[in-house]
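Peer 1: heads up, no residue letters with this:
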């Protein structure tokens with residue numbers, strides 16, 4: 001399976017999309033490229049994978065050159081110029097203003113392996129000469145009245161302008177984040193073979209013209225549940241790369257649940273050593289040390305991804321009670337839990353020891369996490385009701401505020417009193433939610449994760465070999481065809497902070513299975529978060545998305561060949577100018593989200 005070396009770079013940002021063994025199939029079992037098969041315990045999975053690939057093959061189209069508009073998420077404005085294509089020859093340098101040096105190094109790291117070009121990086125404030133790739137960070141790209149984007153567009157904190165001419169390529173942004181997103185677009189405009197990790201014989205041509213682009217929402221994210229099944233640091237880093245590729249800027253880590261506690265907390269050592277020793281199905285579990293977590297946060301920050309840590313309270317706490325029974329209402333340690341039911345566990349909301357525990361845990365996470373958010377869960381606390389529940393949430397919200405962070409919680413916390421900046425993560429399956437609408441009237445903002453559109457643990461189809469169906473089946477079109485601005489009744493568009501695609505892992509046990517559930521639906525949610533509503537078009541999206549199949553295959557990413565997407569015919573293996581050398585690896589429940 002794809003892996004990531006365990007040793008981080010100590011001299012600068014780590015390369016993006018660090019590959020796994022290129023000579024090995026990116027899945028468990030043997031199927032067509034990019035498709036997944038489950039282990040021998042479920043022999044029908046291989047047949048399913050072949051059937052899915054066959055169905056997709058009936059819709060294939062011949063590969064075509066990349067066009068300027070073939071970008072996911074769709075850019076705000078695209079102006080092609082067929083006479084302005086630019087071809088990399090190997091003589092180019094990357095010229096960058098000082099603030100963008102890290103992004104320029106990442107661009108070079110993306111392009112060098114497949115192209116074989118040296119692409120030296122030069123720091124300069126001067127315009128690049130003919131043939132250069134020029135990256136410019138400039139405050140002049142921000143204000144409307146400067147015309148720095150040449151059309152008066154305010155690029156904001158994450159926008160960029162990309163210009164391809166016969167003389168070279170220029171990306172302009174007001175911040176390194178905007179520059180980084182421009183690099184992700186440039187990456188998609190090159191042939192799919194650029195995703196290979198060894199030199200490939202290819203004509204490296206970029207289509208001419210200009211793109212002016214900026215996000216619709218400031219919060220664009222995905223969630224990885226590491227509590228139901230534990231995933232080691234390299235797997236999490238790989239997921240961060242997937243988010244960055246599609247301009248998602250938040251990784252929500254569901255760190256605690258009944259089955260496992262995954263983060264070490266000084267002063268409460270048994271949370272990790274006892275609470276972390278298990279997972280669904282009885283596996284060994286695991287946890288992140290402080291250094292592990294710092295590495296995840298640092299790697300994400302290098303890719304302009306903010307980590308949002310979640311400690312789920314007051315329910316979903318069986319693992320914590322195993323470690324510290326004084327937190328339980330009866331002060332008795334429950335047995336470890338490896339099943340998938342929800343709603344049975346809770347910390348004692350009437351005990352001051354509980355709030356000491358919460359304060360210590362959240363203070364530690366706040367100190368380790370540079371981002372503004374702390375997620376306190378709050379869902380499915382079925383045995384803590386009424387005033388006991390709202391009182392608990394209000395005290396925990398105050399504890400979060402005391403750390404200097406902003407509280408996020410699942411939308412069940414809506415009845416609690418409002419605190420400044422409070423964010424509710426809405427995971428409902430119907431848009432009529434008066435309690436959430438009332439919380440918004442009191443000042444809350446929403447991150448939308450509708451269970452029947454954005455939950456990536458839902459099956460694609462009835463015969464998908466892993467996943468759930470309690471919220472319905474979610475094919476690619478269903479993941480794409482909804483509007484965050486109008487989805488929840490009586491919530492105004494300006495109250496929507498953004499979108500997030502959660503992946504719960506009761507049935508997901510490995511990195512290939514994570515990727516299978518993410519792709520191709522993650523780019524659909526990413527487009528909802530980034531692209532203007534005016535660009536929303538299923539027919540156009542499925543055509544653009546289809547071109548990413550060869551990119552994922554080249555990058556060793558496992559994906560589902562969804563039959564509603566017209567995937568290109570799989571080309572012959574590109575000629576490799578050097579041998580491929582593997583890189584060494586360093587519940588079914590009717591009501592959740594957690």
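Peer 2: It's in. Note that the coordinates shown come from a computational prediction; the quantities given were computed from them, not determined experimentally. Residues are numbered from 1 along each chain as shown.
Peer 1: where along the stretch 401-550 of the chain do the strands fall?
Peer 2: 406-410, 423-426, 445-448, 496-503 (DSSP state E, counting those that start in this stretch).
Peer 1: For residue 188, find the nearest of these.
Peer 2: With C-beta to C-beta as the measure, strand 496-503 is the member of these nearest residue 188 (19.6 Å). C-beta: built from backbone N, CA, C; applies to glycine.
Peer 1: what's the closest one in contact with?
Peer 2: Residues from elsewhere that reach strand 496-503, judged by C-beta atoms under 8 Å, 6 or more residues apart in numbering: 217-225, 250, 252, 254, 423, 425, 427, 445-449, 454-457, 479, 484-485, 514, 517-518, 521-522, 525, 528-529, 593.
Peer 1: In PyMOL, how would I select the buried members of those?
Peer 2: Those of the contacts of strand 496-503 that count as buried under 16 or more other C-beta atoms under 10 Å are selected in PyMOL with:
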select buried, resi 217+219+220+221+222+223+224+225+250+252+254+423+425+427+445+446+447+448+449+454+455+456+457+479+484+485+514+517+518+521+522+525+528+529+593
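Peer 1: Filter the contacts of strand 496-503 down to the ones in helices?
Peer 2: Counting by DSSP state H, the contacts of strand 496-503 place 479, 514, 517-518, 521-522, 525, 528-529 in helices.
Peer 1: give me the low-pLDDT residue ranges for this protein?
Peer 2: Within the chain, the segments meeting pLDDT under 70 span 1-64, 142-152, 570-594.
Peer 1: Let's check: the centremost residue of it is which one?
Peer 2: Centroid-nearest residue in the chain: residue 243, 3.5 Å away (criterion: C-alpha atoms, centre = their mean).
Peer 1: Do I have it right that that residue meets residue 251?
Peer 2: Yes: between residue 243 and residue 251 there is a contact at 6.0 Å, judged by C-beta atoms under 8 Å.
Peer 1: who touches both of those two?
Peer 2: Shared contacts of residue 243 and residue 251, defined by C-beta under 8 Å, 6+ apart, are found at 221-222, 305.
Peer 1: Return the member of these nearest to residue 282.
Peer 2: residue 222 (27.3 Å).
Peer 1: what's the closest non-adjacent residue to the closest one?
Peer 2: In this structure, residue 222 finds its nearest non-sequential neighbour in residue 501, 4.7 Å apart by C-beta to C-beta, 6 or more residues apart in numbering.
Peer 1: again with residue 263
Peer 2: Residue 263 sits nearest to residue 255 (C-beta to C-beta, 6+ apart), 4.9 Å away.
Peer 1: Near that neighbour, how many other residues are there?
Peer 2: The number of residues packed near residue 255 is 25, by other C-beta atoms under 10 Å.
Peer 1: okay if I get the shared contacts of residue 243 and residue 251 as CSV plus distance to residue 362?
Peer 2: Below are these laid out as CSV (distance: C-beta to C-beta, whole Å):
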residue, distance to residue 362
221, 20
222, 23
305, 21
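Peer 1: Nearest to residue 371, out of those residues: which one, please.
Peer 2: residue 305 (9.2 Å).
Peer 1: Surely that closest one touches residue 246?
Peer 2: No: counting by C-beta under 8 Å, residue 246 is not a contact partner of residue 305; they are 11.2 Å apart.
Peer 1: Please name the residues that touch residue 80.
Peer 2: Under the criterion of C-beta under 8 Å, 6+ apart, the contact list for residue 80 reads 67-69, 207-209.
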